[in-house]
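# Curious how this folds, go ahead:
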Amino acid sequence: MKKLISMLSFALVLSANDTTTNALTLSQALELLQSQNLEIKAATYDVQSAKAKKDTVSGMNWGKLTFEQDMARSNDAGNVFGFKLTSREATFGDFGFADFLSPPPGTTDVLKVQPNDLNYPGYRNFFQSKLKYEVPLFTGFAISSYENIMDEMTKIKSLDKEKIATEKMYELKKSYYDMALLDSSIKNLNKILHNINILENTTKTMIDVGYAKKVDLLEVKAKKGNVERLLIQMYANKKLLYHYISFLLNQKVDAIIPPKSEVPMPKFSDKEVLSRNIDIKKANEGLAIRKSMLDASEAGYYPTVGAFGEVATADDTFLGDANDHKAYTVGARLSWNLFNGGIDSAKIEKSKIEKMKMQSQLELAKEGIALKVAKIRTQIESTDAEIASLKRELDLANAIYDNYEGRYKEKLVSMSDVIIKQSAQIQKILQLQIAKNKRIEKIFEFEKLANGEKY
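Next up is the predicted model:
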């Protein structure tokens, strides 16, 4: 039996060591988060999509090269004559010269003779192969303005991804520190449960010798049940935290190594927070977009110039006599909208208003972030004072409980008095946990505003 117990104990130790070995540290979890989190992956795809849109606009500068292949069969007079002319195969006979040279009998005015070959031609096949290149030379800075807009949009998508990553890091770090606080609270409650067990055994002994009553034992058992219920809740919260960490990392996580030190207060100045804040960066990019949109609106006042060139060949068979029937065309076109009822000026005025609106929104964002920073700093300072006070109160509650436990053994106080002091002890533990949770939450919220401390 002793050997069996020893073997089981050794197996438990090995299992505990394996769990510790496989447990994730916070830095390891943060690295996994960047590559495994599904929301960050989706945001990465958004950035790639924005870059593709930017390349689409940039490609307009290079123009377009198109190939066209026409295949037709027609006996329409205009089409047949045009087909022959395009194929460079038109003859004088196609103009009806046969009827002109030998007019029908009784015709006095030869100019009124209808050329039958021209009006009623036979069917003809037509194959035309054409290669055409068109390129914009000047668009009134419209393309460059849209390029700038798409570039700013790509930056905004990158900032969106960065914001999501910062949010997920905040949630992961908070989960780790929440786990550490739960472990600390569980440790304290287990210590209280141990004291209750001692008190329970003491009460039983005192009942046996007539120094205590059964109601005292019932009070102890009731308090013990209360502590056990709290412990069950805390273990359930730990289980939920593991589920949430697994969700964030997109993989099963059964063990972590919670941080042992408290979260330090970030050292960012208010100016640094404003310069690092993602929402303000996005507002700046939004203002840049409005400026580019204004430039794009002003493009309506400028002419546009484009050039084109094409080569083609045509025949009644596919690529028949292609070299003899080839043709080329080159040219350019200038287009200038001189008047359109004031639409362009209205668009420019709208863009100016949108730009001014964005400027005011940027200033509002800065003021709002500065207000949040001041509020969080005040809340953290208040919570620090609350935690320091609760720690002293917990030390006092522990000392008072130890004192009342000793006095109960001497029959100087009742069991109700001991239970009351123990309730105060538990209350301070829970209050301290809530205060520490609040402090961690505010510190990480401060870091989010500054887009700060990645690890």
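
# the helices in the protein, which residues?
Using DSSP state H, the helices of the chain run over residues 2-22, 26-36, 38-58, 77-86, 97-101, 116-119, 142-208, 214-249, 270-276, 278-298, 343-409, 415-449.

# can you tell which of those helices is closest to Lys260?
Closest approach to Lys260 among these (C-beta to C-beta): helix 142-208, 7.0 Å. C-beta here means a position set from N, CA and C on the backbone, and glycine is covered the same way.

# May I see the helices of the chain arranged in TSV, with mean neighbour count and distance to Leu65 as well?
Supplementary listing: the helices of the chain in TSV, determined by neighbours: other C-beta atoms under 10 Å; distance: least, C-beta to C-beta, whole Å:
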stretch	mean neighbour count	distance to Leu65
helix 2-22	10	58
helix 26-36	16	41
helix 38-58	15	16
helix 77-86	16	22
helix 97-101	13	42
helix 116-119	14	38
helix 142-208	18	18
helix 214-249	15	49
helix 270-276	15	46
helix 278-298	19	26
helix 343-409	15	31
helix 415-449	19	50
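
# Any idea which of these gets closest to Lys326?
helix 77-86 (11.3 Å).

# So what touches that closest one?
72, 74, 90-91, 94, 118-124, 126, 128, 314, 316, 327 (C-beta atoms under 8 Å, 6 or more residues apart in numbering).

# Can you add distance to Ser261 and give the helices of the chain back as JSON lines?
Formatted as JSON lines, these follow (distance: least, C-beta to C-beta, whole Å):
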{"stretch": "helix 2-22", "distance to Ser261": "19"}
{"stretch": "helix 26-36", "distance to Ser261": "11"}
{"stretch": "helix 38-58", "distance to Ser261": "27"}
{"stretch": "helix 77-86", "distance to Ser261": "85"}
{"stretch": "helix 97-101", "distance to Ser261": "105"}
{"stretch": "helix 116-119", "distance to Ser261": "99"}
{"stretch": "helix 142-208", "distance to Ser261": "9"}
{"stretch": "helix 214-249", "distance to Ser261": "19"}
{"stretch": "helix 270-276", "distance to Ser261": "23"}
{"stretch": "helix 278-298", "distance to Ser261": "27"}
{"stretch": "helix 343-409", "distance to Ser261": "14"}
{"stretch": "helix 415-449", "distance to Ser261": "12"}
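
# ok, now how distant is Ala385 from Ala332?
Per C-beta to C-beta, to the nearest Å, Ala385 is found 77 Å from Ala332.

# just Val80 next, same as before
From Val80 to Ala332 the distance is 33 Å (C-beta to C-beta).

# any weak-confidence spans in the chain?
Applying pLDDT under 70 to the chain flags the ranges 1-21, 98-114, 452-455.

# hang on, the earlier thing: with Pro264 as the reference, name the closest of the helices of the chain.
Nearest to Pro264, of those and by C-beta to C-beta, is helix 415-449 at 8.0 Å.

# helices or strands next to the closest one in the packing?
helix 142-208, helix 214-249, helix 343-409 (3 or more C-beta pairs under 8 Å, 6 or more residues apart in numbering; DSSP states H and E).

# Can you tell me how far the closest residue to Pro115 other than its chain neighbours is from Asp270?
Nearest residue to Pro115, sequence neighbours excluded (C-beta to C-beta, 6 or more residues apart in numbering): Gly96, at 1.7 Å. From Gly96 over to Asp270 the distance is 92 Å, taken as C-beta to C-beta.

# for Lys375, same thing?
12 Å.

# now Ala299
For Ala299, the distance to Asp270 - C-beta to C-beta - is 41 Å.

# Lys51 too?
34 Å.

# most residues in a single strand of the protein, which one?
Counting by DSSP state E, the longest strand found in the chain is strand 124-138.

# tell me the angle of it relative to helix 77-86?
Between strand 124-138 and helix 77-86, the angle comes out at 70 degrees (axes from the mean of the first three to the mean of the last three C-alpha atoms, to 10 degrees).

# Please save the CA atoms from strand 124-138 in PDB.
Only the C-alpha atoms of strand 124-138 are listed here, as PDB (Å, rounded to 0.1, in the frame of the first residue of the first chain):
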ATOM      1  CA  ARG A 124     -19.200  38.800 -97.300                       C
ATOM      2  CA  ASN A 125     -17.200  37.600 -94.300                       C
ATOM      3  CA  PHE A 126     -15.200  40.000 -92.200                       C
ATOM      4  CA  PHE A 127     -12.400  39.300 -89.800                       C
ATOM      5  CA  GLN A 128     -10.600  42.200 -88.200                       C
ATOM      6  CA  SER A 129      -7.800  41.900 -85.600                       C
ATOM      7  CA  LYS A 130      -7.000  45.100 -83.700                       C
ATOM      8  CA  LEU A 131      -4.400  45.900 -81.000                       C
ATOM      9  CA  LYS A 132      -5.000  49.300 -79.200                       C
ATOM     10  CA  TYR A 133      -3.100  51.100 -76.500                       C
ATOM     11  CA  GLU A 134      -4.600  54.100 -74.600                       C
ATOM     12  CA  VAL A 135      -2.700  56.200 -72.000                       C
ATOM     13  CA  PRO A 136      -3.700  59.300 -70.000                       C
ATOM     14  CA  LEU A 137      -1.100  62.000 -70.300                       C
ATOM     15  CA  PHE A 138      -2.700  64.600 -68.000                       C
END
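
# Lovely, talk soon.
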